[in-house]
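In: how would this look folded up:
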Amino acid sequence: PDLFPDDTLKQLISTALAHNFDLALASERVEEARARYRIAGANQYPFVYAGAQYTGTQSSTIGAQPASPGFPSPVTYAQAGAALSWELDLWGRIRRLKESARAEYLATEEARRGVTVSLIGDVAGNYFTLRERDLELQIARGTRDIADRNLTLIRLRHDHGVATGLDVYQAEQFLYLATVRIASVEGDIGPVENALSLLLGSLPGDIARGKPIESFVLPPQLPPGLPSSLIDRRPDIRAAEQKLISANAQVGVAKAYYFPQITLTGALGVQSRALTQLFTGPASYWALAPDALLPIFNAGQVRVAVRLSEAQKREMLIAYQKTIYTAFREVSDALIRYDRTREQRSQQDLLVHALTEASHLSTLRYQGGVDSYLQVFSAERDLFQGQLTQAQLRLQELLTFVDLYRALGGGWQ
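Out: Numbers count the residues shown, from 1 in each chain. Just a heads-up that it's a prediction; the model follows:
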């Protein structure tokens with residue numbers, strides 16, 4: 001936001017960062033990935049469960065399996081204890097799962113940062129578009145007022161036989177050019193305001209205005225070496241790098257299934273028919289059961305799973321390389337467009353100055369009876385179009401500045 005010197009724009013960006021729906025969704029995805037990472041990390045440690053049980057039974061004395069004489073009936077007993085389950089990660093399967101989950105979590109964090117950069121760019125771009133439409137509307141209204149005064153004057157001259165009917169129609173034509181443009185620009189302003197409202201997480205409504213678009217002063221020259229020095233902080237490159245790390249960890253997970261999975265389970269507790277003897281020495285019991293599971297035949301499933309994970313890793317490597325090359329292209333394109341658009345807008349400023357002088361002189365020559373109103377109409381029409389083009393080039397210059405901000409992953413400060 002510091003790259004955009006407008007307090008109103010900064011406030012709009014702050015509001016969007018607090019209430020935008022896409023950013024909120026990205027934040028929730030980060031929380032989901034963080035939870036999955038913690039779940040994967042928890043599997044490194046033994047799980048301990050506590051339990052308690054009370055059982056009462058009574059056997060039938062005349063059923064299919066009658067109770068033996070002297071066997072106490074009913075029988076009741078209580079049991080309390082703890083159970084343990086722990087997979088010994090001798091081959092690093094769980095560690096690699098945790099590494100993969102951590103990389104996925106960091107990738108979603110970078111994705112959220114990417115949404116933030118894109119959101120700031122979208123708010124700034126729409127705000128600049130809105131201010132450019134405001135400038136076009138101001139130009140069109142000013143031109144309409146001039147055309148209206150000219151038409152009144154020419155009609156008066158026509159009534160006195162000084163101007164021709166053609167002069168009147170040309171003056172009307174110039175007036176209608178301005179009024180048509182006013183209606184067109186007014187129709188554009190509403191949708192731009194609505195787009196900004198959605199970015200701000202609010203219902204459609206009026207958007208506050210700050211500095212006029214012609215007051216924005218952009219840096220005349222950007223520091224050299226931008227693509228090579230700052231491109232590595234782009235969120236998409238960092239996310240692609242984390243995706244590659246995750247895929248590499250999944251290869252280790254797949255290879256770990258070649259080796260036996262060793263699990264240690266155990267139980268420790270007390271059991272007694274009498275509650276008063278539940279916590280005495282004779283009531284104690286324990287059990288320990290190491291378990292090893294080694295695949296012998298699974299129709300090549302493990303081997304194919306390793307090949308799959310290796311192919312996915314190569315895919316992520318190619319995607320990572322493509323992301324880097326794409327980033328270099330986008331930065332280069334943005335720098336070229338920014339430089340060329342700035343030069344084009346500078347030349348358009350000179351053109352508008354020349355058109356302004358030509359319009360002034362043609363008006364003086366018409367009032368002096370040297371030229372017809374056709375010269376005035378042509379000069380003022382060219383000036384009107386030149387001013388609109390100047391406003392549009394100002395917008396394009398600012399939009400290329402925003403594109404450069406996006407391409408560099410959030411500016412260059």
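In: what's whichever strand or helix holds Ala254 packed up against?
Out: Using DSSP states H and E, Ala254 maps to helix 235-256. Of the remaining helices and strands, those touching helix 235-256 by 3 or more Cβ pairs under 8 Å, 6 or more residues apart in numbering; DSSP states H and E are helix 93-159, helix 301-367. To be clear about C-beta, it is placed using only N, CA and C from the backbone, and glycine gets the same treatment.
In: so which of these is the most packed in?
Out: Across those, averaging neighbours per residue (mean count of other Cβ atoms under 10 Å) puts helix 93-159 on top, at a mean of 20.
In: ok now that one, how far from the chain's centre?
Out: For helix 93-159, the separation from the chain centroid amounts to 16 Å (computed by Cα atoms, centre = their mean, to the nearest Å).
In: and the angle for the next helix or strand after it with helix 301-367?
Out: The helix or strand immediately downstream of helix 93-159 is helix 165-199, counting by DSSP H and E. Using axes from the mean of the first three to the mean of the last three Cα atoms, to 10 degrees, the inter-axis angle of helix 165-199 relative to helix 301-367 is 150 degrees.
In: quick check: mean pLDDT of the helix holding Ala254?
Out: Helix 235-256 shows a mean pLDDT of 95.
In: for stretch 316-331, same thing?
Out: If you average the pLDDT over stretch 316-331, you get 93.
In: related to what we said a few turns ago, format the helices and strands packed on helix 235-256 as TSV; extra columns: distance to Asp291.
Out: Shown next, in TSV, are the helices and strands packed on helix 235-256 (distance: least, Cβ to Cβ, whole Å):
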stretch	distance to Asp291
helix 93-159	15
helix 301-367	19
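In: which residue sits closest to the residue positioned nearest the centre of the chain in space, ignoring its chain neighbours?
Out: Central residue check for the chain by Cα atoms, centre = their mean: the C-alpha nearest the mean position is that of Val115, 1.7 Å away. Leaving aside its sequence neighbours, Val115 sits nearest to Ala26 (Cβ to Cβ, 6 or more residues apart in numbering; 4.3 Å).
In: where's that neighbour relative to Arg406, distance?
Out: 16 Å (Cβ to Cβ, to the nearest Å).
In: report the helix or strand with the lowest average pLDDT across the chain.
Out: Least confident helix or strand, the chain: helix 226-230 with a mean of 62, by mean pLDDT, DSSP states H and E.
In: so what's the residue nearest to Gln277 when sequence neighbours are not counted up against?
Out: Of all residues not flanking Gln277 in the chain, Ala283 sits nearest, at 5.6 Å (Cβ to Cβ, 6+ apart). Neighbouring residues of Ala283 by Cβ atoms under 8 Å, 6 or more residues apart in numbering: Val270, Gln271, Ser272, Gln277.
In: quick check: Ala283 vs Tyr37, distance?
Out: Distance from Ala283 to Tyr37, by Cβ to Cβ: 42 Å.
In: do Val251 as well
Out: Using Cβ to Cβ, we find Val251 at a distance of 19 Å from Tyr37.
In: Lys322 too?
Out: Lys322 sits 26 Å away from Tyr37, taking Cβ to Cβ as the criterion.
In: cool, and Tyr257?
Out: For Tyr257, the distance to Tyr37 - Cβ to Cβ - is 22 Å.
In: repeat that for Gly210.
Out: Distance from Gly210 to Tyr37, by Cβ to Cβ: 42 Å.
In: looking only at neighbour counts, state which of those two leads.
Out: Remark: of Gly210 and Tyr37, Tyr37 carries more neighbours, 21 against 17, as counted by other Cβ atoms under 10 Å.
In: the helix or strand containing the more buried one: which residues count as buried?
Out: Per DSSP H and E, Tyr37 falls inside helix 21-42. Neighbour-count burial for helix 21-42 flags Asp22, Leu23, Ala26, Ser27, Arg29, Val30, Ala33, Arg34, Arg36, Tyr37, Ala40, Gly41 (criterion: 16 or more other Cβ atoms under 10 Å).
In: shaky segments in this structure?
Out: For the chain, the stretches flagged by pLDDT under 70 are 1-2, 61, 63-73, 219-229, 413.
In: for it, which strand is longest?
Out: Identified as the longest strand of the chain according to DSSP state E is strand 75-88.
In: can you list contacts of it?
Out: 43, 45-59, 94, 261-273, 275, 278, 285.
In: what do you get for stretch 337-349?
Out: Stretch 337-349 has contacts (Cβ under 8 Å, 6+ apart) with 218, 222, 386, 389-390, 393-394, 396-397, 400-401, 403-404.
In: at 10 Å instead, please
Out: With contact meaning Cβ atoms under 10 Å, 6 or more residues apart in numbering, stretch 337-349 is reached by 218-222, 386-387, 389-404, 407.
In: hmm, which of the residues you listed are the buried ones?
Out: The neighbour count (16+ other Cβ under 10 Å) marks 386-387, 390-391, 393-404, 407 as buried among those.
In: and those residues, which of them are in helices?
Out: Judged by DSSP state H, the subset of the buried ones among the contacts of stretch 337-349 located in helices is 386-387, 390-391, 393-404, 407.
In: that older thread, among the contacts of Ala283, name the ones in strands.
Out: The strands, defined by DSSP E, take in Val270, Gln271, Ser272 from the contacts of Ala283.
In: give the contact list for the first one.
Out: What it means is Val270. Shown in contact with Val270 (Cβ under 10 Å, 6+ apart): 78-81, 277-285.
In: let me have these in JSON lines, extended by distance to Glu132.
Out: Shown next, in JSON lines, are the contacts of Val270 (distance: Cβ to Cβ, whole Å):
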{"residue": "Ala78", "distance to Glu132": "81"}
{"residue": "Gln79", "distance to Glu132": "78"}
{"residue": "Ala80", "distance to Glu132": "76"}
{"residue": "Gly81", "distance to Glu132": "75"}
{"residue": "Gln277", "distance to Glu132": "88"}
{"residue": "Leu278", "distance to Glu132": "82"}
{"residue": "Phe279", "distance to Glu132": "82"}
{"residue": "Thr280", "distance to Glu132": "87"}
{"residue": "Gly281", "distance to Glu132": "88"}
{"residue": "Pro282", "distance to Glu132": "89"}
{"residue": "Ala283", "distance to Glu132": "85"}
{"residue": "Ser284", "distance to Glu132": "83"}
{"residue": "Tyr285", "distance to Glu132": "81"}
